[in-house]
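*Asks:* Mind folding the following:
(chains A, B, C and D)
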2 protein chains.
Amino acid sequence: MPTGGATTYTGPVEDYLKAIYELERSTGSAATTDIAHRLEIAPASVTGMIRRLADQRLLDYEPYRGVRLTETGLRVALRTIRRHRVIETFLVRVLGYSWDEVHAEAERLEHAVSDALVDRMAAALDEPTVDPHGAPIPTREGTVDEAHYASVEELAPGERARVVRVSDEDPARLRYLGSLGLTPGVTVMVAARAPFDGPITLRIGSGRRATQQVVGPSLAHSLLVERLRTPHRPPHRPPHRPPQRPPHGPPLGPPG
Amino acid sequence: MPTGGATTYTGPVEDYLKAIYELERSTGSAATTDIAHRLEIAPASVTGMIRRLADQRLLDYEPYRGVRLTETGLRVALRTIRRHRVIETFLVRVLGYSWDEVHAEAERLEHAVSDALVDRMAAALDEPTVDPHGAPIPTREGTVDEAHYASVEELAPGERARVVRVSDEDPARLRYLGSLGLTPGVTVMVAARAPFDGPITLRIGSGRRATQQVVGPSLAHSLLVERLRTPHRPPHRPPHRPPQRPPHGPPLGPPG
DNA sequence: AAATATAATTAGCCAAGCCTAAAATTCTAC
DNA sequence: GTAGAATTTTAGGCTTGGCTAATTATATTT
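*Replies:* Numbers count the residues shown, from 1 in each chain, chains lettered A, B, ... in the order given. I've put the predicted structure just below:
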């Protein structure tokens, strides 16, 4: 049963819940040190906050055994993420911000806007489903389409793919990617890969306007893509592995 | 010498400075109890905060003798007020908010927006000079045009004036005034006044579309106006008293 | 299995902002 | 000028959300 309430949370509380949500989603679980690292807060402080969040029923917590978002905690996390991404989209589309400027601004505003304002912004934007980096925007109702995409890092030479999301917040990196034309929607093809985590040569765009650029594994990791049928010369594709991961794998260790 | 700095202040600090600015402006000084009343905070807590603000050189303070904004404090206060009013204007003009909804939202956002965002909003609005209630918007450089207006309460029967500002934040009162057509820009004429702080009958608008409404002294006090030359039949104007009250006279009451 | 390394928690501290109750100061009236 | 009223400050306490240093629990080696 939802509190039905207009309960309001502090900025730090929302930040923790967001971080824990992202960690659960991407690595399956949220360890104290992970949270600490992500929020740039000392681990001891994280333990303290975890206790407070657990007291408020936003987390399930057993000392030394990790945390898990409760239903309420998940709802608050997704609401905060919705705010963040709607704000980012609004700043870019209505106020002409570039995609590298919006994160810092949204990070502060997400704790100050009302739900009514977020809804008005979303309406003005015609209910966007992704933010300027391609990240999905949770709905008002708290659902989100968290598809799992491959990164360019995982593509084999010759594979073609469309960039669907750029999973990075760093302004400098975003500016650089933007200058290479590596933004959501663009088509890329892996022209070459150097071994041992070496640089990846990408053909960016299609047809006559395509360019060729080299990116390191770190940037490649941020580029999430959807594979496209490779038109000709499928060079070297492995046998066809079964679905890489379950849609929402079990956040924690093996059932045993 | 300005700190030149991107110094950032907490929400409470900005709220105190705003309150002190408004009190200094409207009553000439800011007493502890006035601040406490305006912010709905216990006087003892206000003393505590005043000490902190003085430590930060935002106020000049001598115990038991009152406070005064320093140059820095004034700058921060005006910056916060600019943020507030630009946000209000943006919400109304871009997102279709009504003038009664914006205060609460701006009250939170003013502490979260960057100066860059405020400037972008102001640019998108073509550098507005007043907010939706007619309040002047301080410039980026920290200057404001704080003209002193009479209120409808001070108008004599027969006097015509233009509403320039509605000095109220309460949503219910603003909605009511809006429903009567009493918004900035509108012309009013005092058709009648009941004695002993009684209701004031106003002719609102001009020509064929004018309506007649009765407002109490409290609402009348919120309606700030600019007197207009009264066209004809100056009905009953007393001999021409010298300026009714000093620009910021004692609130009311018979001169005796 | 014991030793060590890593991770997490506890202990004790701090500042910001709030509170109430009590004391001090200033103002107002007589 | 002094008593009483009003204002302001001090004293002492609380919560939130940080910190470091020390301790405890869990994992990893050997």
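
*Asks:* which parts of chain A sit against DNA strand D?
*Replies:* Contact residues, chain A versus DNA strand D (CB under 7 Å from any atom of the strand): A:10-13, A:15, A:40-42, A:44-45, A:48-49, A:52, A:64-65. Glycine gets a C-beta too; all of them are placed from N, C-alpha and C.

*Asks:* Narrow the residues you listed to those in strands?
*Replies:* With strands defined by DSSP state E, no entry of those lies inside them.

*Asks:* Out of those residues, the closest to DNA strand C would be?
*Replies:* residue A:44 (3.0 Å; CB to the nearest atom of the strand).

*Asks:* burial of that closest one, as a residue count?
*Replies:* For residue A:44, the count of nearby residues is 9 (other CB atoms under 10 Å in any protein chain shown).

*Asks:* Pull up the per-residue confidence for it.
*Replies:* Note on residue A:44: pLDDT of 97.

*Asks:* where does the closest residue to chain B within chain A land in three-state SS?
*Replies:* Residue nearest to chain B within chain A (CB to the nearest CB): residue A:112, separated by 3.8 Å. What DSSP: H, G, I helix; E, B strand; the rest coil gives for residue A:112 is coil.

*Asks:* so how many other residues sit close to it?
*Replies:* Neighbours of residue A:112 using other CB under 10 Å come to 19.

*Asks:* dump the residue contacts of it.
*Replies:* Shown in contact with residue A:112 (CB atoms under 8 Å, 6 or more residues apart in numbering or on different chains): B:108-109, B:111-112.

*Asks:* For the residues you listed, pick the one with the most neighbours.
*Replies:* Going by other CB under 10 Å, residue B:109 tops the contacts of residue A:112 with 25 neighbours.

*Asks:* That one contacts residue A:109, correct?
*Replies:* Yes: using CB atoms under 8 Å, residue B:109 is in contact with residue A:109, at 7.1 Å.

*Asks:* Now do the buried residues in stretch A:109-126.
*Replies:* By 16 or more other CB atoms under 10 Å in any protein chain shown, the buried positions in stretch A:109-126 come out as A:109-114, A:117-118, A:120-122, A:124.

*Asks:* Please apply the same query to stretch A:50-63.
*Replies:* Buried-residue list, stretch A:50-63, by 16+ other CB under 10 Å: A:50, A:53-54, A:58-59, A:61.

*Asks:* circling back: between the contacts of residue A:112, which is nearest residue A:148?
*Replies:* residue B:112 (32.8 Å; CB to CB).

*Asks:* distance between the ends of stretch A:170-190?
*Replies:* Separation of the first and last residues of stretch A:170-190 by CA to CA, to the nearest Å is 24 Å.

*Asks:* Contacts made by that stretch with the rest, please.
*Replies:* So stretch A:170-190 is contacted by A:98-101, A:103-104, A:130, A:132-134, A:152, A:155-166, A:168, A:200-206, A:211, A:213, A:215, A:219, A:222-223, A:225, A:228 (CB under 8 Å, 6+ apart).

*Asks:* Going through those, which ones are buried?
*Replies:* A:99-101, A:103, A:132-134, A:152, A:155, A:158-161, A:163-166, A:168, A:200-205, A:213, A:215, A:219, A:222-223, A:225.

*Asks:* quick one: which of the residues you listed sit in helices?
*Replies:* A:103, A:219, A:222 (DSSP state H).

*Asks:* Next, format the residues you listed as TSV and append pLDDT.
*Replies:* Compiled in TSV, these are given as follows (pLDDT from 0 to 100):
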residue	pLDDT
A:103	97
A:219	95
A:222	95
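
*Asks:* before we move on, back to that, how close does the residue of chain A closest to chain B get to DNA strand D?
*Replies:* 14 Å (CB to the nearest atom of the strand, to the nearest Å).

*Asks:* before we move on, what about residue A:71?
*Replies:* Taking CB to the nearest atom of the strand, one finds residue A:71 at 20 Å from DNA strand D.

*Asks:* Could I get the phi/psi values of that residue?
*Replies:* The phi/psi pair for residue A:71 (degrees, to the nearest 10) reads phi -60, psi -40.

*Asks:* Do you know the pLDDT at the residue of chain A closest to chain B?
*Replies:* pLDDT, read off for residue A:112, is 97.

*Asks:* can you give me the helices in chain A?
*Replies:* A:11-27, A:32-39, A:43-55, A:71-95, A:102-109, A:115-124, A:171-179, A:217-222.

*Asks:* Neighbours of the nearest residue to residue A:117 once chain neighbours are set aside, how many?
*Replies:* Spatial nearest neighbour of residue A:117, excluding adjacent residues (CB to CB, 6 or more residues apart in numbering or on different chains): residue B:105 at 5.9 Å. Neighbour count of residue B:105, defined by other CB under 10 Å: 20.

*Asks:* Now do the contacts for residue B:105.
*Replies:* A:113-114, A:116-117, B:87, B:91, B:97.

*Asks:* Tell me which two of those residues sit farthest apart.
*Replies:* Pairwise over those, using CB to CB, the maximum falls at A:116 and B:87, 14.3 Å.

*Asks:* Return the residues of the stretch 1-150 of chain A in contact with chain B.
*Replies:* A:91, A:94-97, A:104-105, A:108-109, A:111-114, A:116-117, A:120-121, A:124 (CB under 8 Å from any CB of the partner chain).
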